[in-house]
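>>> could you work out the structure for the sequence below:
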Amino acid sequence: MPAQAPPANPDAPLTGTVRHVDRERLTAIIWTCFSLATCFLSLRLGFRFRQNRSFLADDYCIVFAWLCLLVMSILQTEQMDALFYVMYLTAGRVPVSAETGPRMEQLSRWQFPIIKLFWTVLWSVKASFLAIFYRLVKPFPTHRRLWYCVAVFTSLAYIGCVVASALTCSPPSDYFKAGRCQSPSDLWRMHFNVIFSTSVDITTDLMIMALPIALLPSLQLNARKKVGLGVTFSLATLIICVAIVRMTQVIVPDSVDLVGLAIWGAVETTTAIIVGSLPPLKALLSRGVKKYSTSMKSGQKYPGPRSRRDEYGSASVSRSVMVTESIPLDNMHRSRQLDGGIYVQKMFETHVEYDASSRDDDEAAIVRGHGRAI
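Presented below is the predicted three-dimensional model:
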């Protein structure tokens, strides 16, 4: 005779992040993170389009990451019923019933695409940084070859994360079956997947950051400017810090904290999109400071063509010049014109074009302008 399950206790203590975060708070965290990512992405795209009147490859990568984050946020919201049911079932707050199996299978079906979308968001941001840094290393053959090596390794790392998450259970078909994938070896693979994926995530970020930083010794710049460029190229360090915190928070003894995984997944993907949006916004901030300081120094001086161009962000400047020329007459004493000549006014128009193809990349211009042959 099979043993009966112990009766449910509605007041049984919860374990993990679910002790402090209920369904409403988790939903608020997810969509607050998405809103922050949307704000920074909108600022980035607005500034980029205002400058170039078009988007570059790194912009499309960030937009794709944002679309994946949108779908991921929707799926995380839809999984709430199954997620908290399983959390309460594990804690003993709800009894085992006929709906237990379908609820657990439903949660597995939500988790599968969410994990894949999580890695896709992060790797899309990496692709954006690779696109930006390619414009920096392109003039240098050695660093360009290293860029290709890093790009290949990053692609393989993404494939590895996706495949590893799909092979958590043995056999893999048990992933969507209730009550399966709970053996000690399956739990070990869960922990290994989190550690492995986080490790390759951090490794690829470090390799991508090292590409432009390796150029700094070759630049004919003073130490202060080199430090400034190094900080700009090291923005992905913020993503690395969040990834480490996420790994330490979601791994608990004998299981994975699913609520903590949802929270830190939203936080890390949002941080990635925000950091990926900072390079163009950094150029906007630096130019705004320069413009303000220049206007403070110039006082009430008349703004010349350069300041007009900076004010309106135009890619060209035109100016009309009027020249008065005197044409003398042969019969001077019979002319009624002044000094015996006819005065003709000629209009000349000058048109100056400015290159606006990559004005957003101040760092790229510095590298191209101050790099030595390697």
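
>>> tell me the strands in the protein, going along the chain?
251-252, 255-256, 316-328, 341-353 (DSSP state E).

>>> just checking: what are the partner strands of the second one?
In its sheet, strand 255-256 lies beside strand 251-252 (antiparallel), with partners assigned from DSSP bridges.

>>> any idea of the mean pLDDT for the strand it pairs with?
Per-residue pLDDT over strand 251-252 has a mean of 72.

>>> check contacts around residue 18.
Residue 18 sits next to 84, 87, 91, 259 when contact means C-beta atoms under 8 Å, 6 or more residues apart in numbering. Yep, even glycine has a C-beta here, placed from its N, CA and C like the rest.

>>> let me know the closest of those residues to residue 237.
The closest of the contacts of residue 18 to residue 237 turns out to be residue 259 (C-beta to C-beta; 26.9 Å).

>>> for stretch 56-65, buried residues please.
Residues 56, 58-59, 61-65 are the ones in stretch 56-65 that count as buried (16 or more other C-beta atoms under 10 Å).

>>> just put these in CSV and tack on pLDDT.
As requested, those are exported to CSV (pLDDT from 0 to 100):
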residue, pLDDT
56, 88
58, 90
59, 91
61, 94
62, 95
63, 95
64, 97
65, 96
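
>>> and of the residues you listed, the nearest to residue 217?
Nearest member of the buried residues of stretch 56-65 to residue 217, counting by C-beta to C-beta, is residue 58, at 25.1 Å.

>>> what is the burial count for residue 195?
Neighbourhood size, residue 195 [other C-beta atoms under 10 Å]: 12.

>>> cool, residue 149 as well?
11.

>>> confidence score at it?
96.

>>> going forward can the numbers begin at 39, since that is how I track them
Okay, using 39 as the starting number, the last item reads as residue 187.

>>> how close does it sit to residue 127?
According to C-beta to C-beta, to the nearest Å, residue 187 and residue 127 sit 48 Å apart.

>>> and the contacts of residue 56 as CSV, adding pLDDT and distance to residue 86?
Supplementary listing: those in CSV, determined by pLDDT from 0 to 100; distance: C-beta to C-beta, whole Å:
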residue, pLDDT, distance to residue 86
122, 92, 41
125, 88, 42
129, 82, 48
297, 90, 37
